[in-house]
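Asker: sequence and predicted model, in that order:
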Amino acid sequence: MLARRKMSVGELAERVGITPANLAVLKNGRAKAVRFTTLEALCEVLECQPGDLLRREV
């Protein structure tokens with residue numbers, strides 16, 4: 001989604017209101033949880049739906 005929007009991780013973090021380090025944890029799949037407010041902010045900035053950002057791993 002970042003590449004499609006031609007946006008850097010730093011710019012996204014700033015616009016969403018989280019640190020670049022926390023965004024990296026989300027981006028690399030190492031997060032154990034994500035707040036709904038953060039997910040909502042990511043979707044708003046990236047103009048997408050939660051399903052565009054999340055995937056189920058078994």
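Answerer: Received, thanks.

Asker: which residue is nearest the middle of this protein?
Answerer: Geometric centre of the chain, nearest residue: residue 42, 4.9 Å, by CA atoms, centre = their mean.

Asker: quick one: least confident helix or strand in the chain?
Answerer: helix 2-5 (a mean of 86; mean pLDDT, DSSP states H and E).

Asker: ok, back up a step: for the residue nearest to the centre of the chain, what is the enclosing helix or strand?
Answerer: Using DSSP states H and E, residue 42 falls within helix 36-46.

Asker: mean confidence for the helix or strand following that helix?
Answerer: For helix 36-46, the following helix or strand on the C-terminal side (DSSP H and E) is helix 50-53. In this model, helix 50-53 has an average pLDDT of 93.

Asker: cool, stretch 30-44 as well?
Answerer: 95.

Asker: mind listing what's buried in that stretch?
Answerer: 38, 41-43 (16 or more other CB atoms under 10 Å). Bear in mind the C-beta positions are built from the backbone N, C-alpha and C, glycine included.

Asker: how near is residue 33 to residue 14?
Answerer: From residue 33 over to residue 14 the distance is 22 Å, taken as CB to CB, to the nearest Å.

Asker: ok, now which ones touch the closest residue in space to residue 1 that isn't next to it in sequence?
Answerer: Nearest residue to residue 1, sequence neighbours excluded (CB to CB, 6 or more residues apart in numbering): residue 46, at 4.7 Å. Applying CB atoms under 8 Å, 6 or more residues apart in numbering, we find residue 46 in contact with 1-2, 5, 7, 12, 52-53.
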